[in-house]
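Visitor: Here is a sequence together with a model predicted from it:
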Amino acid sequence: MKDLCYLYDVAEENNIPVIPFPLAETGSMCIQDEDKACYIGLDEHTINTESEQKVHLAHELGHCVTGSFYNRYSPLDVRQKHEYRANKWAVKHLISEAELDEAVAEGCTEIWSLAEYFNVTEDFMKMVVCWHVHGNLSAELYF
């Protein structure tokens, strides 16, 4: 199971600064400049818990590490494709199938208990379960 320190280590290893930045609507965002350098902004006042911070940071790292950035001015770019890649990276790098199986074997069988066990949000945990059980991130189909 990966913790918040792991994610900050990934950011540091990839030369991705994580900057406190006011983002009241989203809580976090990342940008890539013309030199392909990435920057992540996290709003410490919008993100209330460590589990939320962990999920936000993992998602934004997913954008940076996979290069999944969209151009809002391009009619041909599909935003959901980039969001899916970022979420997939986050899911695959935070909780392995073996770790999920171990948690279930220990009695964590409800989404809320799994989220608590892994210190992530319930919405994120639903994506993790979908990925490891169904091979996709479409939590809305199963929950």
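Guide: Perfect, thanks for sending it. Not measured: the values here are computed from a predicted model.
Visitor: all contacts plus neighbour counts: C-alpha atoms, from now on.
Guide: Fine.
Visitor: and the gap between the residue nearest in space to the middle of the chain and Phe143?
Guide: Geometric centre of the chain, nearest residue: His59, 2.7 Å, by Cα atoms, centre = their mean. Distance of His59 to Phe143, given as Cα to Cα, to the nearest Å: 21 Å.
Visitor: Check Ala86 too.
Guide: Distance of Ala86 to Phe143, given as Cα to Cα: 21 Å.
Visitor: Just the buried residues of the one helix or strand Glu83 maps to, please?
Guide: Secondary structure assigned from DSSP states H and E places Glu83 in helix 79-94. Residues of helix 79-94 classed as buried: His82, Glu83, Tyr84, Arg85, Ala86, Asn87, Lys88, Trp89, Ala90, Val91, Leu94 (neighbour count, 16 or more other Cα atoms under 10 Å).
Visitor: quick one: contacts for Ser96?
Guide: Going by Cα atoms under 8 Å, 6 or more residues apart in numbering, Ser96 touches Met1.
Visitor: hmm, try it at 6 Å
Guide: Listed by Cα atoms under 6 Å, 6 or more residues apart in numbering, the contact set of Ser96 is empty.
Visitor: State the distance from it to Leu137.
Guide: Taken as Cα to Cα, the span from Ser96 to Leu137 is 14 Å.
Visitor: Helix, strand or coil: sort out Tyr39 for me.
Guide: strand (DSSP: H, G, I helix; E, B strand; the rest coil).
Visitor: Need the pLDDT of it.
Guide: Here, the pLDDT recorded for Tyr39 equals 97.
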